[in-house]
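Colleague: Quick one, what's the 3D model for this:
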Amino acid sequence: MLKTVSMIVILSNLLFSALPPRYQNEKDLNVMVEFVKSHAIVMNGLNSIDFDAKVIYYNQECKVYFKRESVIHPRGWVGPAEALIFDRASCKY
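Modeller: Numbering: from 1, shown residues only. I've put the predicted structure just below:
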């Protein structure tokens with residue numbers, strides 16, 4: 001019995017699962033909001049944040065794009081989405 005419980009605990013620590021959308025969305029939104037907070041030009045000219053497209057719009061025509069970090073996983077890997085990271089900006093920030 002103790003051996004079975006020990007194996008279950010060990011295996012459960014090795015398994016990863018995807019984050020529920022609520023938590024993944026919260027992580028992604030925090031990345032985008034922190035970017036805005038840390039760049040005065042973006043904060044001062046903020047127009048909107050398009051969460052679906054992962055784009056911040058500022059100073060009318062400027063955009064900041066985000067993307068998922070690219071990581072290669074072993075076949076069959078299941079886990080949370082990769083971190084949202086800065087991709088590029090259409091204007092100086």
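Colleague: Identify each buried residue in stretch 79-93, please.
Modeller: By neighbour count on 16 or more other Cβ atoms under 10 Å, the buried set for stretch 79-93 is 84, 89, 93. C-betas here are computed from N, CA, C, even on glycine.
Colleague: Would you work out how far apart the start and end of that stretch are?
Modeller: For stretch 79-93, the separation between the terminal residues is 33 Å (Cα to Cα, to the nearest Å).
Colleague: which residues touch it?
Modeller: With Cβ atoms under 8 Å, 6 or more residues apart in numbering as the test, stretch 79-93 has contacts from 16-19, 24, 27-28, 31-32, 35, 39, 41-42, 54, 58-59, 61-71, 73.
Colleague: Show me those residues that map onto strands.
Modeller: Assigned to strands by DSSP state E, the following of the contacts of stretch 79-93 qualify: 58, 62, 63, 64, 65, 66, 67, 68.
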